[in-house]
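# Below: sequence and its predicted model.
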6 protein chains.
Amino acid sequence: MRPSQRETHQLRPVRLTRHYTKHAEGSVLVEFGETKVICTVSVEENVPPFLRDKNQGWLTAEYGMLPRSTHSRMKREAASGKQSGRTQEIQRLIGRALRAVVDLDKLGQRTLHIDCDVIQADGGTRTASITGAFVAVQDAVAKLIASGKLTQSPIRDHVAAVSVGVYQGVPVLDLDYVEDSDCETDMNVVMTGDGRFVEVQGTAEGEPFSREEMDALLGLAEQGIRELIALQKATLLG
Amino acid sequence: MRPSQRETHQLRPVRLTRHYTKHAEGSVLVEFGETKVICTVSVEENVPPFLRDKNQGWLTAEYGMLPRSTHSRMKREAASGKQSGRTQEIQRLIGRALRAVVDLDKLGQRTLHIDCDVIQADGGTRTASITGAFVAVQDAVAKLIASGKLTQSPIRDHVAAVSVGVYQGVPVLDLDYVEDSDCETDMNVVMTGDGRFVEVQGTAEGEPFSREEMDALLGLAEQGIRELIALQKATLLG
Amino acid sequence: MRPSQRETHQLRPVRLTRHYTKHAEGSVLVEFGETKVICTVSVEENVPPFLRDKNQGWLTAEYGMLPRSTHSRMKREAASGKQSGRTQEIQRLIGRALRAVVDLDKLGQRTLHIDCDVIQADGGTRTASITGAFVAVQDAVAKLIASGKLTQSPIRDHVAAVSVGVYQGVPVLDLDYVEDSDCETDMNVVMTGDGRFVEVQGTAEGEPFSREEMDALLGLAEQGIRELIALQKATLLG
Amino acid sequence: MRPSQRETHQLRPVRLTRHYTKHAEGSVLVEFGETKVICTVSVEENVPPFLRDKNQGWLTAEYGMLPRSTHSRMKREAASGKQSGRTQEIQRLIGRALRAVVDLDKLGQRTLHIDCDVIQADGGTRTASITGAFVAVQDAVAKLIASGKLTQSPIRDHVAAVSVGVYQGVPVLDLDYVEDSDCETDMNVVMTGDGRFVEVQGTAEGEPFSREEMDALLGLAEQGIRELIALQKATLLG
Amino acid sequence: MRPSQRETHQLRPVRLTRHYTKHAEGSVLVEFGETKVICTVSVEENVPPFLRDKNQGWLTAEYGMLPRSTHSRMKREAASGKQSGRTQEIQRLIGRALRAVVDLDKLGQRTLHIDCDVIQADGGTRTASITGAFVAVQDAVAKLIASGKLTQSPIRDHVAAVSVGVYQGVPVLDLDYVEDSDCETDMNVVMTGDGRFVEVQGTAEGEPFSREEMDALLGLAEQGIRELIALQKATLLG
Amino acid sequence: MRPSQRETHQLRPVRLTRHYTKHAEGSVLVEFGETKVICTVSVEENVPPFLRDKNQGWLTAEYGMLPRSTHSRMKREAASGKQSGRTQEIQRLIGRALRAVVDLDKLGQRTLHIDCDVIQADGGTRTASITGAFVAVQDAVAKLIASGKLTQSPIRDHVAAVSVGVYQGVPVLDLDYVEDSDCETDMNVVMTGDGRFVEVQGTAEGEPFSREEMDALLGLAEQGIRELIALQKATLLG
């Protein structure tokens, strides 16, 4: 029995609210249950130095948590003067995930800056960030097309992500904080609309996991991501 | 005529939403028109080293802006590795303002950490932060009393803040971003419930300002802050 | 009765020594009683990146204290690897104060770097810095004119600053360290030669201050700054 | 055909040289072909603050590359003042991998510091580091037992790691630099002696990867790691 | 012929002004011609962690230059966030030089912090710092004895320093900035009152130097330091 | 009697292994007894900004120690975020020593980056670094000539270095760690092939040293460096 009473293959209620803040070209509030993340996309008409004169664009991501988005207050990274290893891992993951579905050659010499800021954390902030950021990128690209800066979309496919894990010996989908703190294995899966993997990151927190458990987890993740992509599509139509 | 069509002495619509996030002991979303700030208060049962064994508490504040809370994206301070001078000025101001109405001797050996994070900026973020943080401190103190950790409130009086300025030669109340970017003088005023000043910070951005202008600005600020404190009271009753 | 036996409206003995060190284009030792600050102005034939090709100049200020300029030794900021929030606040204030009277369009594409370094501190170092730095700027501009790099002075007016405060219930002018450590309200005022304000920064250290106290403090400050500007003029003639 | 002429399931020549440097309690040079990493283990009779009085030990890892271990010189991280996100990811991975097989409760109140420093890089430095560090941990633990500080080994099982990837459409084992720079998918797998997973980190560098490719890669990794663990055993007997 | 018209073995006019600032336990302005350095000694009744419970004292030194103490303005180290390699070298040298003549066992569990801050630079700032700091240490120790905190002086001997160099092929004493910028060899020598060496640091800036040149330089330094120590003694008597 | 049983004028066994790693243009493992340092030279076809358009090259050095190259583990400088004063002193020394024998005008607009990384420390790492780096520079220059980028060598002479010291009252050559930790005077000497000095850095760790001791130390160093340069020549022929 999961603490939240959910079925093993059941996502938390997921909501994607577009146009959440007004300045960014794309701005989405993504909620996976009590986990809430603001994902914005900012368009900069410029590329970083290593891409100058290569006739392509760039997409990069940053991630942060408000100090009291968590159960007990964390130190503010801006005050302690550096981003933690965890923060850097997550923002590198978000950037790779989105770049997997954006054709940088078709983006033009501009940069999409994704910012994912966690307002309230209850497990799964990195996978929620990826799922929400995709919608914000769609909105930002739509503005570029509407303004005539792009003639066709550089987005090749959907991308979404979810966590899965082995909780009390049972593979379950979309871990919340209580499950995450107490699970044996935690796996983050990023997948495209055509059902292929962009990232699979599985870690044994307690006992190592067997090939059979791995297979079960991948199956749960595939199903969950299909649902998330359907929700992205519905949201973008809305 | 103000760009927002407001009267010279008219505040923007102000909203204070309590219990905005779930983990913090106090959590308020404060909105001054399009300016939106999340103010949380975290209680730590500890004091910083310089207060050890002095039998008193402490209150401190930190401030941040989401990178795309502003018209164009700002660098993330956690990524650039330090807080700007502006950020430090603002968080020092917020801390002093709240300490002015909290009796640290009655707080016990604990620390109230205020975090003010700007979700969307449209002028006046520091004064909105002070106004919202006061309500969050009230909620956090109420929890300390409810749990028996405090027997009486250490809060001596209300405190709120507003900006005033000389815009196109006319003193006006509660500058929004358009006015703020183009005003000659900008003044932030922090005042207690009994009508006395905690802080007055006036700066000539363009022309220096005369004693008469100063007097007019202080008058506008006093009126505005009285309205804000009335709103704080109504919110806390609600 | 003030600890220094001064009248409430009496400045400490103020001295401005020009040409204090030999390398800088402007170099002034300013003394307000036992407070001693070296103010230098360095001319750089260049502007910062954000002003490139805008056909104007820039003026910026930095502030520091020798580690043992104070009663007990402070950590050296260069060794601890960052400037404190207080240091940043002060150097931003000095820069704004001087920019208020320098016409950057007439300065040409060059930068005036002001450095204010406190050799001995006894209260009022930031206001002494502004008062001394103005004289150093005058000397640096005179050199630019003498060398033919400027044909007319970009300086529009004098600027000087003083602190005022409520000490033991009485408004007094030019707080020294003993008064400053024990006052209820501390206010720094920056004013131009024509009697208008550039900055007013009042802070209640203890009790909030009333409108009447504020008015009294502003009156004292106006009188003190008139005296300081008269001294600047005499020094520049000498 | 692989650039190195290896079979798809063929490891590079792997060597593990124990007692490579003289000061460390465990010191191993690990070579995977031209990739060379010095792995040392230092025993500190102390635990970090978060483990004080918990009656358990700790194991942590750091990773570095000599500036010219790579094809073109990289900036020295000590000189640039921070460790890159990649470095932090890798050292966190190494630490987790080794902690998975060390029973910290049986280690006593001491810390094992693993340092993996790349002398020469040719792909697969993180998996080589894990494979070599395990042997160094064994040697350090043997010293603790020999000196009477431990009565039984806290090591529960072997652990080793290898990279696999899809190169020119074909799943291959143990990517060297040329393959790594040009592969579509790169996966690092960490496994214990009993054939279970500690970490699986797969990333699509180019095209996303299918479930079938994933299965093939895991199969190659399992075989490779079995060979590496056999080599660890032979080395430790030697 | 030296640019300053001095004889090859002639020091610049050297002045040592005691009690230069009022807060420090020892405070000396040292001038070697146009080079001016404020040397203060601060007594802290504490030792750094590595000396706790070892029943001895410590002496440490820091060095800084005001940004415009030099011909062209240098960046302020506090603003750039770190001390240069040159600064660290110099402050380590000053500390070693003074520790050579202070018996730390007799100092008690306290620390002498030396701060040497260059007000105006014209060559030889590190050797002037050592020469002046010795007098400031004497004054600080005298205060400790006067206050009964020490019963006998921990100072074993005088110490002073001077630079020598090969300028246009000729060994000369006490290089000023013009000579220093253009010399082939630059040597800093630190010596005690009994004529023995504490430090000899010779560097070929241009051509390497022969053993004969080295001998000549050491001879000049010995003579110069004897004069400096005589001046220290006269100053301390005065 | 020296702990190592060596004669007072006897070097430890010294080995220079060329082509130690494969990527660098020059790569030498230098061993002075148990002290082992990897010295690499990387050629960058570029010069630092301060040399742009001056038609000359540059040579610079960095130094590091593996955390467990020493008896007890040192903190990793990359992790603590800065290089120590000692590290900076040493790398500045290595750079000056090598620049003394390289004609930067003949190097062309390129930079030689020397990296000296200590694998195992047993005293004398800085002098071993200089001695080994010279051979690596020779190899890198030879490659530049072989590839036609240079037509003649910019290397003017050999350079090597050794430490000498007064150990238990007796001047000895090439201190190992045991001697170094316990000696009264420690001197590092850098000398060219024609027998002239590039650097002499003598420090009294305990008692100051006399002129006679200094002369004896310089004599030992001259002899030792002659042997080291003979070994460099033999190695380069090999």
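Done, it's in.

# name the element A:I229 belongs to?
Under the criterion of DSSP states H and E, A:I229 resides in helix A:211-237.

# is any part of that helix close to chain D?
Yes - applying C-beta under 8 Å from any C-beta of the partner chain, one finds helix A:211-237 touching chain D at A:211, A:214, A:218, A:222. (Each C-beta comes from the backbone N, C-alpha and C, glycine too.)

# pLDDT of that helix, averaged?
For helix A:211-237, the mean pLDDT works out to 97.

# any low-confidence regions in chain A?
Applying pLDDT under 70 to chain A flags no residue at all.

# Would you mind listing what in it touches chain D?
Residues of chain A lying near chain D (C-beta under 8 Å from any C-beta): A:82, A:85, A:88-89, A:91-92, A:96, A:100, A:187, A:191-192, A:194-204, A:207-211, A:214, A:218, A:222.

# rewinding a little: buried stuff in the helix holding A:I229?
A:213-214, A:216-218, A:220-222, A:224-225, A:227-229, A:231-232, A:235 (16 or more other C-beta atoms under 10 Å in any protein chain shown).

# tell me the angle of that helix relative to helix D:211-237?
Interaxial angle, helix A:211-237 versus helix D:211-237 (axes from the mean of the first three to the mean of the last three C-alpha atoms, to 10 degrees): 140 degrees.

# so who does A:M74 touch?
A:65, A:67-68 (C-beta atoms under 8 Å, 6 or more residues apart in numbering or on different chains).

# now those residues as TSV including neighbour count, secondary structure and distance to chain C?
Below are the contacts of A:M74 laid out as TSV (neighbours: other C-beta atoms under 10 Å in any protein chain shown; DSSP: H, G, I helix; E, B strand; the rest coil; distance: C-beta to the nearest C-beta, whole Å):
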residue	neighbour count	secondary structure	distance to chain C
A:M65	23	strand	23
A:P67	22	coil	18
A:R68	28	coil	21
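
# and of those, the nearest to chain D?
Comparing the contacts of A:M74 against chain D with C-beta to the nearest C-beta places A:M65 closest, at 16.7 Å.

# Type out the ChimeraX command that picks the buried ones from the residues of chain A next to chain D.
Buried residues among those (16+ other C-beta under 10 Å), as a ChimeraX selection:
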select /A:82,85,88,89,91,92,96,100,187,191,192,196,197,198,199,200,201,202,203,204,208,209,214,218,222
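
# Tell me the buried residues in the helix or strand A:R15 falls within?
For A:R15, the host element (DSSP H and E) is strand A:14-18. Under the neighbour-count criterion of 16+ other C-beta under 10 Å, strand A:14-18 has A:14, A:16, A:18 buried.

# Could you spell out the sheet neighbours of that strand, each with its direction?
Sheet pairing for strand A:14-18, assigned by DSSP bridges, gives strand A:26-32 (antiparallel).

# And the contacts of the partner strand?
By C-beta under 8 Å, 6+ apart, strand A:26-32 touches A:11-21, A:36-41, A:122-124, A:127-129, A:131-133, A:135-141, A:143, A:174, B:68.

# What's the PyMOL line that selects buried ones from those residues?
Applied in PyMOL, the following selects the buried portion of these according to 16+ other C-beta under 10 Å:
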select buried, (chain A and resi 11+12+14+16+18+20+21+36+37+38+39+40+41+122+123+124+127+128+129+131+132+133+135+136+137+138+139+140+141+174) or (chain B and resi 68)
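
# residues near the residue in chain A that chain C sits nearest to, how many?
Nearest residue of chain A to chain C, counting by C-beta to the nearest C-beta: A:G81, 8.0 Å away. Neighbour count for A:G81, taken as other C-beta atoms under 10 Å in any protein chain shown: 17.

# And stretch A:104-115, what's buried?
A:104, A:107-108, A:110-115.

# Please apply the same query to stretch A:40-54.
For stretch A:40-54, by 16+ other C-beta under 10 Å, it's A:40-44, A:47.

# Switch those over to JSON lines; also include secondary structure and distance to E:I155.
Rendered in JSON lines, the data for the buried residues of stretch A:40-54 read as follows (DSSP: H, G, I helix; E, B strand; the rest coil; distance: C-beta to C-beta, whole Å):
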{"residue": "A:T40", "secondary structure": "strand", "distance to E:I155": "64"}
{"residue": "A:V41", "secondary structure": "strand", "distance to E:I155": "67"}
{"residue": "A:S42", "secondary structure": "strand", "distance to E:I155": "63"}
{"residue": "A:V43", "secondary structure": "strand", "distance to E:I155": "68"}
{"residue": "A:E44", "secondary structure": "strand", "distance to E:I155": "63"}
{"residue": "A:V47", "secondary structure": "coil", "distance to E:I155": "63"}
